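**Q** Here is my input; please provide its structure:
(chains A and B)
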Number of protein chains: 2
Amino acid sequence: MPRTTFESELEGLQNDILRMGTLVEQAIHDAVKSLADRDPNLAEKVVKEDDVADDLQMEIENKCLALLALQQPIARDLRTIGTAMKIVTDLERMADHAVDIAKVTIRIHDQPLIKPLIDIPRMAEITKSMVRSALTAYVSRDVALARKLAAQDHEVDHLYNQVFRELLVYMMEDPRTISQATHLLFVASHLERIGDHATNLGEWIVYAVTGSREDLNR
Amino acid sequence: MPRTTFESELEGLQNDILRMGTLVEQAIHDAVKSLADRDPNLAEKVVKEDDVADDLQMEIENKCLALLALQQPIARDLRTIGTAMKIVTDLERMADHAVDIAKVTIRIHDQPLIKPLIDIPRMAEITKSMVRSALTAYVSRDVALARKLAAQDHEVDHLYNQVFRELLVYMMEDPRTISQATHLLFVASHLERIGDHATNLGEWIVYAVTGSREDLNR
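**A** Numbers count the residues shown, from 1 in each chain, chains lettered A, B, ... in the order given. A predicted model of the protein is given here:
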């Protein structure tokens, strides 16, 4: 493979990652929208489209392994490919969490919501914007932008704690809310994890550009 | 690097993975024991030792990247290295879930338990044995053993559903149990995830040996 072909392969890899990231962003959006609107059809769509993300992950991983085998990439290129393999793992976990949220919709869509959803959609907004920032930082190799993800993750964590406390109060005041409230607790916990994975993306981007690994949460 | 050195590097990689897997097995054990015994010191130990697993993960990943760069491994060796990178990701997540369980101990250790823990320790037993089987299958390249992990994962899922229902009943019957019961729900959910990651290990082992990727849950 001549060098220029290698470079166009790397570019293809980058495009695949952008495509997968965009799918994940959409999955988070649709999953939380399906819950707020109690729309089981939209939730089913999230579950079904997870196969696309899974296939894309496998395709990207196979491409990375082939590039590593056929080339002997050095320093920066090696990090780019290694990073791609880690990034798709985090993206895939985020998609799985979106699926888990959609499954909650499917379980509870025929019940009235025990409370209007406010903080959960806000958590979803922030995590979606984290995915968007991570993808931008990835393409533009923007270390400062990647490092900013940790601050947004703190916001998500803060909202999570708020939702947790609030749902506990609901359950204690009215035991009939317990079943649905536990499902909503898990939804909030999935969004909190999605925030963690988005922060991981930031760490991998910093590594891809600088070659050193930082713990953005410290 | 002459071929024999490469082979001894691969062997070193395998030993590192075994070491990390053993740490994870111990972390699951200690985390659930700390909860059952309400032992905050043991829980703190689990939290602290997670740094060892994190460092080991980074060391293994760096070794893999170096091996891929310095050699041009083909087919089976390439899969071995690619698989090692994926296996450590799953092991690291399992360690994180063990830490999350230990953090529950730290939060609730001064309360009496609302119920004796039976199914949660059983879930821990099965997931630990899954990690053990996965490590054995990894070393002996035993595809049949790797495939068996899916059946054990079903058991874990079944226990999870049982714990979930049971804790809901506790909460509904006595609202004073709600706070602790939600923590125990999350503990069960962490163990359920650990089972998923152990199943992933099985999939990676099958891939390392056969070169084809199977979804063991289907």
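
**Q** Near chain B, which residues of chain A? Just list them.
**A** Residues of chain A found near chain B (C-beta under 8 Å from any C-beta of the partner chain) are A:58, A:61, A:64-65, A:68-70, A:72-74, A:78-79, A:82, A:85-86, A:89, A:164, A:168, A:171-172, A:175, A:178-179, A:182, A:185-186, A:189, A:213. Any C-beta I mention is one placed from the backbone N, CA and C, and that applies to glycine too.

**Q** and residue A:111, which of the three is it?
**A** Following DSSP: H, G, I helix; E, B strand; the rest coil, residue A:111 is assigned to coil.

**Q** Repeat that for the one 10 residues further on.
**A** At residue A:121 the chain is in helix, as set by three-state DSSP.

**Q** residues touching the residue nearest the centre of chain A, list them.
**A** By C-alpha atoms, centre = their mean, the mean C-alpha position of chain A lies nearest to residue A:94, the distance being 3.5 Å. When contacts are counted by C-beta atoms under 8 Å, 6 or more residues apart in numbering or on different chains, residue A:94 touches A:24, A:27-28, A:131, A:194, A:197-198.

**Q** What is the host helix or strand of residue A:200 packed up against?
**A** Element membership for residue A:200, per DSSP states H and E: helix A:178-210. For helix A:178-210, the packing partners by 3 or more C-beta pairs under 8 Å, 6 or more residues apart in numbering or on different chains; DSSP states H and E come out as helix A:3-36, helix A:75-108, helix A:119-140, helix A:143-147, helix A:149-173, helix B:149-173, helix B:178-210.

**Q** and with 7 Å instead?
**A** Helices and strands touching helix A:178-210, by 3 or more C-beta pairs under 7 Å, 6 or more residues apart in numbering or on different chains; DSSP states H and E, are helix A:75-108, helix A:119-140, helix A:143-147, helix A:149-173, helix B:149-173, helix B:178-210.

**Q** what are the C-alpha coordinates of the shortest one, in CSV please?
**A** Same thing as helix A:143-147. Provided in CSV are the C-alpha atoms of helix A:143-147 (Å, rounded to 0.1, in the frame of the first residue of the first chain):
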residue,chain,number,x,y,z
VAL,A,143,-6.8,19.2,22.7
ALA,A,144,-8.3,22.2,24.5
LEU,A,145,-11.8,21.2,23.3
ALA,A,146,-11.2,17.6,24.3
ARG,A,147,-10.1,18.6,27.8
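
**Q** How about it, which residues are buried there?
**A** A:143, A:145-147 (16 or more other C-beta atoms under 10 Å in any protein chain shown).

**Q** Give the rounded mean pLDDT of that helix.
**A** Average pLDDT, helix A:143-147: 96.

**Q** What is that helix packed up against?
**A** Where contact means 3+ C-beta pairs under 7 Å, 6+ apart, helix A:143-147 is packed against helix A:119-140, helix A:178-210.

**Q** residues in contact with it?
**A** Outside of helix A:143-147, the residues within contact range by C-beta atoms under 7 Å, 6 or more residues apart in numbering or on different chains are A:133-134, A:136-137, A:202, A:205-206, A:209-210, A:216.

**Q** With respect to pLDDT, which of the residues you listed ranks lowest?
**A** In terms of pLDDT, residue A:216 ranks lowest among these, with 81.
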